[in-house]
Structures are given as C-alpha cells and as structure tokens.
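In: one predicted model, sequence on top.
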Amino acid sequence: MTTTSPAVTTTTYRDALRDAIRDALRRDERVFLMGEDVGAYGGCFGVSLGLLEEFGPDRIRDTPLSESAFVGAGIGAAVAGMRPIVEIMTVNFSLLALDQILNNAATLRHMSGGQLGVPLVIRMTTGAGRQLAAQHSHSLEGWFAHIPGLRVIAPATLEDARGMLWTALLDPDPVLLFEHGALYNMSGELSVSAGPVDIDRAVIRRPGTDATLVTYGGSLGKSLDAAEQLAAEGISTEVIDLRTLRPLDDATFIGSVRRTHRAVVVDEGWRSGSLSAEVSARITEQAFEDLDAPVERVCSAEVPMPYAKHLEEAALPQPAGIVAAVRKVVGGRG
C-alpha cells in the first residue's frame, strides 16, 4: 500500500498572513481590513498587497494617519456586528491608540455587564532586527498581555501565521495579533490545506530532557538554533513556543519544567516588568520544588533599540546568549 503526502507549497510568513486575511474575507462578508496604506500601497510590509484589487475599497479600507481614530472606528464596527481586522503599522504606534484598546475594547464587556462584545482583531508589527531604530523596533507585547479583556497572540511559524487569524476572528472579545517584522521574509513549506489553528495552547517545538526554553515570536528561531548547538554538546533542550501570551498556557511550560527541572525564558522585551518576568514567576510559584537551578532569562538590553547594526544585534537576545544561559542552568546536573 502506498501513501501520499499532503500537498505542500513554498511560501513566506508574509504570504501566509495575506492568505489568512484573504480566507477570512471569503468566509465572512462581515470581515474587512482597515489601516494606514493597507489598500493601494499594499500595506507598509506588503501583507495586504493585491487585496484591494480582489475585494474592493469597501472591504480594504485605507484610513487617515490617526491610530486612535481608526482603532476607535474598528471598535465601533465590531460592536455593531462587523468583524474588523485593524492594522497598526508598528507596535510603537499602538501607543497612540492605547486609550481605545485599554479603556474601550478591553473593558466594554465588563462595563456593559456582558451585553457588549468587541470581536475585532488588531494586527501590528513588532520586534527589532531590521535597523529601524527606537521608534519602530520595540517588543511591547508584554504590556498588552498585562491587560484583562484582551487576548494576545504571536505567530512564530508559517502554520500559525496562516491559521491564527480566523480563530481570532471567532473570539467574541478583542484579539491583538503580533507579527514579528524579522519573520516576514521567512520561507518554508506549508500544506496547501493549512487552515485555522488552536490559539489556546502553547506548543513543544523541540522535545528535550535537560532544560526547558520558553519563548515566542521572533525569538523562537534563535531558541531552536541554540538548542541545536546545545545538542552537539550533549545537552537536550526542550523548546516551548508560547503562541498565546494572554492567557498564558501554564500547563504546557510548567509540565515541561517538571520534566527537565531547569528553565530559561527568552523574551525580546526588556527584562524589567517583562513577559519573561511573569513566566519566571509562574514557574517559581507552581514548580519551585521541581527546579534544580534558578530560572534564567535572556532579554533585550535595557536601552532604546539602537540603529547601528552591530549595536542592535548586541542589544537583542542571540543564540550565543541563550546557549550560555542553558549551560548555566545545567552546569550542576548530576
């Protein structure tokens, strides 16, 4: 008996995101995309290229340069029954819409006694590594993961870039989808039948026995590279992709730490008050007796992101730093 492998296609993270938007627009006539330059220009990072010609200006809407205004319009449309996808050019610019996101989108269900939901998805580019300097390069996902009423997701693979959006649009509450800018050109094979994915669970991207690496988004590839280097030294490292940053899937990473007894958290955000701090605290709270070494963290330097390439690289988590952190936690293994 012969078996045939599922048909696959070679694609990029950018194209997978575009296919996800196209699929959502076809599935539900209530879905539309709005944001700066998403139409005629095709999106600042090319994600929506060609969608205006395919779906028309009613469903691919260019907006004025006012994040507060168009995020507010998206909230209103969601309350009125539409399913908007709102694109903010970079996470730094989302701060101009923080009032709308925090004080309106995240709170309306609570303040209305459950009468109002805000089923919208806000997409934005995050992260550094592209020499775009301090106003276009920070990783602020942890800030938004602090806010009750939001779901925060971060696709790190082609499958998740293709599959997270539709699942997010089915959520009755607002979802923030963070696309790491350094991943847009990442290419690989993706099943032609790829579709919606689970956004409730973290995923073990590489099994291991000696230490657990917990990460997400743009740091996943670096963590996998580090795990490969460590394997050559005889250190077996399990790599956890959080995928959803709020609510965190404690069960997956806590379960891993209980098996490996050591943990390193990799987070492109700043160390102080970061998502890595939250993950580290939960490990300590829930699995302290299972730890054979203190939890280590690898984060960005506590500086505005530099423009110069060598300084930017020095400021970001890199595989060498991740390898060093894992070596430190496994140094005393018996």
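Out: Looks like it came in fine.

In: and the strands in the stretch 51-200 of the chain?
Out: 60-62, 83-90, 121-126, 151-153, 175-180, 187-191 (DSSP state E, counting those that start in this stretch).

In: how about the ones you listed, which one is nearest residue 291?
Out: strand 151-153 (26.6 Å; Cβ to Cβ). C-beta coordinates here come from the backbone N, C-alpha and C atoms, glycine included.

In: just the helices in this structure please.
Out: Assigned by DSSP state H, the helices in the chain fall at 13-27, 51-55, 67-79, 98, 108-111, 141-144, 158-169, 220-232, 250-260, 275-287, 309-315, 319-330.

In: what's the closest of those to residue 201?
Out: helix 250-260 (6.3 Å).

In: buried residues of that closest one, list them for me.
Out: For helix 250-260, the neighbour count (16 or more other Cβ atoms under 10 Å) marks 252-257, 260 as buried.

In: same check on stretch 92-105?
Out: 92-94, 97-98, 100-102, 104-105.

In: residues contacting the residue nearest the centre of the chain?
Out: Nearest to the geometric centre of the chain sits residue 154, at 1.3 Å (Cα atoms, centre = their mean). Residues counted as contacts of residue 154 (Cβ atoms under 8 Å, 6 or more residues apart in numbering) are 126, 141, 177-178, 180, 216-217, 242-245.

In: out of the residues you listed, who's nearest residue 75?
Out: residue 177 (15.8 Å).

In: how many residues are close by that closest one?
Out: 24 (other Cβ atoms under 10 Å).

In: so what's it up against?
Out: With Cβ under 8 Å, 6+ apart, residue 177 has these contacts: 121-124, 153-155, 164-165, 168.

In: using CSV, lay out those together with distance to residue 329 and pLDDT.
Out: Output for those, formatted as CSV (distance: Cβ to Cβ, whole Å; pLDDT from 0 to 100):
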residue, distance to residue 329, pLDDT
121, 37, 98
122, 36, 98
123, 35, 98
124, 33, 97
153, 28, 98
154, 24, 98
155, 28, 98
164, 31, 98
165, 36, 98
168, 34, 98
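
In: residue 188: which of the residues you listed is nearest?
Out: So of the contacts of residue 177, ranked by how close each gets to residue 188 (Cβ to Cβ), first place is residue 155, at 13.2 Å.

In: so what's the residue count around the closest residue to that closest one other than its chain neighbours?
Out: Using Cβ to Cβ, 6 or more residues apart in numbering and skipping residues adjacent in sequence, the residue nearest residue 155 is residue 161, 4.5 Å away. Neighbourhood size, residue 161 [other Cβ under 10 Å]: 30.

In: residue 161 reaches residue 13, doesn't it?
Out: Yes - counting by Cβ atoms under 8 Å, residue 13 is a contact partner of residue 161 at 5.0 Å.

In: now list whatever residues contact both of the two.
Out: 155, 179, 183.

In: wait, the first one sits on residue 179?
Out: Okay, so that is residue 155. Yes - contact criterion Cβ under 8 Å: residue 155 and residue 179 qualify, at 6.9 Å.

In: who touches both of those two?
Out: 13, 17, 161.

In: who are the contact partners of the last one?
Out: By that I understand residue 161. For residue 161, the contact set (Cβ under 8 Å, 6+ apart) comprises 13, 16-17, 20, 155, 179, 183.

In: swap in 6 Å and give it another go.
Out: 13, 16-17, 155 (Cβ atoms under 6 Å, 6 or more residues apart in numbering).
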